[in-house]
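Undergrad: what's the 3D shape of this:
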Amino acid sequence: MAQRSVTNCKLFSSSVVLAALLGGLLLTGCEQHHAPPPARVPEVATVTIQPEKVTLTAELPGRTSAFRIAEIRPQVSGLIQKRLFTEGSDVKAGQVLYQIDPAPFQAALDSAQAGLARAEANLPALRLRAERFKKLLPTKAVSQQNYDDAVAAAQQAEADIQYWRATVETARINLGYCRVIAPISGRIGKSSVTEGAIVTAYQPVALATIQQLDPIYVDVPQATTDLLRLERRLKDGRLNHGGEDQNKIRLILEDGTAYPLEGTLQFRDVTVDPTTGSVTLRIIFPNPGSALLPGMFVRAVIKEGVKEQAILVPQQAVTRDPKGNALAMIVSAEGKVEQRKLAVDRAIGDKWLVSSGLAAGDRVIVEGLQHVRPGMPVKITSSKEGKTMHGVERRPEGHPSVAPQKQNGGGER
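TA: Here you go, the predicted model:
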């Protein structure tokens, strides 16, 4: 009995030890299953900021207008006998456009010439009479009154000659006005009259209009606030003049294509439009193929100046906070993320021009922003230097890059 009890005690002790070992193994397995994995360092791609020389431009809307415009009006009244041009064609200066019936004007010229001949025929006799009376006056053969009358008659005949000469010239001019000629070369529009129409001198309705299209003007309004901002930057030295090319202007047509020829800034108006607060810039463009027509809506790409040490950052690296402030994440020298508040001036191609907030050598995160927060350590997987992008040279072919004039994000206005 005692031996059986000892045996049972040994079996019980072994069971307890085995149960304890199994419990420890289970507990160890549970603890190992719920242990968190080691933290993974986020990977990001960065671009290293380098100052670069950039030509700043402004894109302004404008409209084309003819270089010269001539409204054709008759200078004498009469009947239109012929129209001597084709509507919509090119005409030359001095070309006859309309023929007005010349018969009444020819008759007026003939009458004036006859009056002139009569006055000239009377003048010699009156002069001789005055000279004879002058010789007889000392002998009292004629009275002083008779002599004075003879001199006055001769002078009146001379005045009559001058009058009739002027009348002849007027009649000749009016006869010439029967041929309505083109004062300038250009393209003529539609005619408002046909053969058989009665026209009056200097009537309010033009017979036709001629427009010179080569070259052609582009009138562009520029806000005075932008003008003052530009002048302040040039004065402070933050922008430099672009040299001889400063006044060269490029043009973008209504369909977004670039006009192949450059224009030249002619002048800036000195009067501000009180309704819009802008001044007008007049640009002249060569237009040999008449691709530009008066009244077309275009956009002019105007060079503001050259910024020698410009900071450009890819647009994908810039975010906005709820207040609209521009933000960028950079990787510090310790490999941690820092948040910078930026002042951006404008978009240039696919980058922002930064006024403040970044410096040369900063490593700006362009990929992986969604996985990082300020203060986190990160691993840089790829890094590249910022590449120079000179203002208007980084758009796809057929779409010139122009810096929108007002895409500011808190920078100097």
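Undergrad: just for this structure, where's the confidence low?
TA: Along the chain, the model assigns pLDDT under 70 to residues 1-39, 233-246, 384-413.
Undergrad: At the geometric centre of it, which residue do we find?
TA: The chain has residue 300 as the residue nearest its centroid, 2.9 Å off, counting by Cα atoms, centre = their mean.
Undergrad: Check which helix or strand it maps to.
TA: Assigned by DSSP states H and E, residue 300 belongs to strand 297-314.
Undergrad: so how far is residue 341 from residue 323?
TA: Per Cβ to Cβ, to the nearest Å, residue 323 is found 10 Å from residue 341. In short, each C-beta sits where N, CA and C put it, glycine included.
Undergrad: right, I mislabeled it, should have said residue 325
TA: 6 Å.
Undergrad: Have a look at the two and say which one is more surrounded.
TA: Taking neighbours as other Cβ atoms under 10 Å, residue 325 and residue 341 compare with residue 325 leading, 15 against 12.
Undergrad: Against residue 319, how distant is that one?
TA: Applying Cβ to Cβ to residue 325 and residue 319 gives a distance of 10 Å.
Undergrad: cool, residue 190 as well?
TA: 58 Å.
Undergrad: Would you map the helices across the protein?
TA: Ranges of helices in the chain, per DSSP state H, are 2-33, 103-136, 144-177, 224-236.
Undergrad: what helices or strands is the third one leaning on?
TA: If I follow you right, that is helix 144-177. For helix 144-177, the elements it packs on are helix 103-136, judged by 3 or more Cβ pairs under 8 Å, 6 or more residues apart in numbering; DSSP states H and E.
Undergrad: now the helix it packs on against helix 144-177, angle please.
TA: Calculated by axes from the mean of the first three to the mean of the last three Cα atoms, to 10 degrees, helix 103-136 forms an angle of 160 degrees with helix 144-177.
Undergrad: And helix 103-136, what's buried?
TA: By neighbour count with 16 or more other Cβ atoms under 10 Å, helix 103-136 contains the buried residues 104-105, 108-109, 112-113, 115-116, 119, 122-123, 126-127, 129-130, 133.
Undergrad: again, but for stretch 50-66
TA: Quick answer for stretch 50-66 (16+ other Cβ under 10 Å): 51-52, 54-60, 62, 64-66.
Undergrad: Restricted to strands, list those residues.
TA: 52, 54-60, 62, 64-66 (DSSP state E).
Undergrad: Tell me, how many residues neighbour residue 297?
TA: 10.
Undergrad: and it, what does it touch?
TA: Residues in contact with residue 297 (Cβ atoms under 8 Å, 6 or more residues apart in numbering) are 61-63, 254.
Undergrad: So what's the gap between stretch 74-90 and the chain middle?
TA: Centre-to-centre, stretch 74-90 and its host chain are 37 Å apart (Cα atoms, centre = their mean, to the nearest Å).
Undergrad: One more: stretch 152-165?
TA: On Cα atoms, centre = their mean, the centre of stretch 152-165 falls 62 Å from the chain's centre.
Undergrad: Span of stretch 249-259 from start to end?
TA: This stretch, stretch 249-259, spans 10 Å end to end (Cα to Cα, to the nearest Å).
Undergrad: Could I get the buried residue list for it?
TA: So stretch 249-259, judged by 16+ other Cβ under 10 Å, has buried residues 249-252, 258-259.
Undergrad: ok, the residues you listed vs residue 157, which is closest?
TA: When the buried residues of stretch 249-259 are ranked by distance to residue 157 (Cβ to Cβ), residue 249 comes first, at 66.6 Å.
Undergrad: That closest one and residue 261 touch, don't they?
TA: No: assessed by Cβ atoms under 8 Å, residue 249 is found out of contact with residue 261, at 10.3 Å.
Undergrad: So for these two, which residues contact both of them?
TA: Common contacts of residue 249 and residue 261 (Cβ under 8 Å, 6+ apart): residue 285.
Undergrad: Between residue 190 and residue 319, which is the more surrounded one?
TA: Ranked by neighbour count (other Cβ under 10 Å), residue 190 and residue 319 place residue 319 first, with 13 against 8.
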